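Chemist: predicted model, plus sequence, below.
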Amino acid sequence: MVETKGGVFVALLRGINVGGNKKVPMAELRGLCAGLGFTGVATFIQSGNLVFAAKGPAAAHEAALEQAILLHFGFEVPVLVREAATWTKLATKCPFDVVADDRQKLVHLGLAKGPVPAGVGRLLAPYCKAGEQVVAATGALWIDYAGGVARSKLTPAVLDRLVGSTVTLRNVRTARELAAMVAARGA
């Protein structure tokens, strides 16, 4: 289905539906997005992944969705929105493709609210343990959590602090699925 009059976007919500906190039902989220004028809203799994069409820039949709979530659910949720072409470029350029197919839940794409600073990979390197690797590329981070995400020192707090803004991660399986959803729209 090709969307007209506007662009296709991918939105990521950080920290929802984890451990019973910040519960955001996907049906309610889709309805909230429709109320903002987004069309063709689709979600993928319960962790806050959206594909939608809308007029205007990504930053405006990001701000509108954050405000709508706060008003509707009563809590703040960082939202990152990227244009379809940007998402596709990011999701298909995994520097860890050699291992990504075998470790789809351990290789992650990280997007930041602000620009990813040059040299951030060097800043994060001391936190890498048990074969972990970080590559900063095309305004994003790719992290291979080779030893497992739960035991890693590359925590959300560390990433946010060293990148200088909120970072949201999605595993390679989710990143690829969202790219496929975008491609199915002809975007």
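Modeler: Received it, and whenever you're ready, just let me know what you need. Numbering: from 1, shown residues only.
Chemist: rest of the way, CA atoms for contacts and neighbours
Modeler: Will do.
Chemist: top helix in this protein by residue count?
Modeler: Identified as the longest helix of the chain according to DSSP state H is helix 58-73.
Chemist: what helices and strands are in contact with that helix?
Modeler: Other helices and strands packing on helix 58-73, by 3 or more Cα pairs under 8 Å, 6 or more residues apart in numbering; DSSP states H and E, are helix 26-35, strand 79-83.
Chemist: most packed of those?
Modeler: Ranked by mean neighbour count under mean count of other Cα atoms under 10 Å, the helices and strands packed on helix 58-73 are led by strand 79-83, which reaches a mean of 23.
Chemist: helix or strand right after it?
Modeler: Downstream of strand 79-83, the next assigned helix or strand under DSSP states H and E is helix 84-91.
Chemist: for that following helix, packing partners?
Modeler: Right, helix 84-91 is packed against strand 7-13, helix 172-184 by 3+ Cα pairs under 8 Å, 6+ apart.
Chemist: just the CA trace of it, in CSV.
Modeler: Provided in CSV are the C-alpha atoms of helix 84-91 (Å, rounded to 0.1, in the frame of the first residue of the first chain):
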residue,chain,number,x,y,z
ALA,A,84,11.2,5.8,6.2
ALA,A,85,14.2,6.2,4.0
THR,A,86,16.5,7.0,6.9
TRP,A,87,15.2,4.0,8.8
THR,A,88,15.7,1.7,5.9
LYS,A,89,19.3,2.9,5.4
LEU,A,90,20.0,2.4,9.1
ALA,A,91,18.4,-1.0,9.4
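Chemist: which residues sit against the helix or strand following it?
Modeler: Next in sequence after helix 84-91, counting helices and strands by DSSP H and E, comes helix 97-100. Here helix 97-100 makes contact (Cα atoms under 8 Å, 6 or more residues apart in numbering) with Cys94, Leu106, Val107, Val172.
Chemist: same thing but 6 Å
Modeler: Residues from elsewhere that reach helix 97-100 (Cα atoms under 6 Å, 6 or more residues apart in numbering): Val107.
Chemist: in it, which residues are buried?
Modeler: Burial within helix 97-100, assessed by neighbour count using 16 or more other Cα atoms under 10 Å, is assigned to Ala100.
Chemist: quick check: next helix or strand after it?
Modeler: Next element after helix 97-100 (DSSP H and E): strand 107-112.
Chemist: could you dump the helices and strands packed on helix 58-73 to CSV with distance to Val8?
Modeler: Formatted as CSV, those follow (distance: least, Cα to Cα, whole Å):
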stretch, distance to Val8
helix 26-35, 13
strand 79-83, 6
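Chemist: arrange those in CSV, one row each, with mean pLDDT as further columns.
Modeler: Below are the helices and strands packed on helix 58-73 laid out as CSV (pLDDT from 0 to 100):
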stretch, mean pLDDT
helix 26-35, 97
strand 79-83, 97
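Chemist: give me the distance from the helix-or-strand element of the chain with minimal mean pLDDT to the chain's centre.
Modeler: The helix or strand of the chain with the poorest confidence is helix 97-100; it has a mean of 83 (mean pLDDT, DSSP states H and E). Distance, stretch centre to chain centre, for helix 97-100: 19 Å (Cα atoms, centre = their mean, to the nearest Å).
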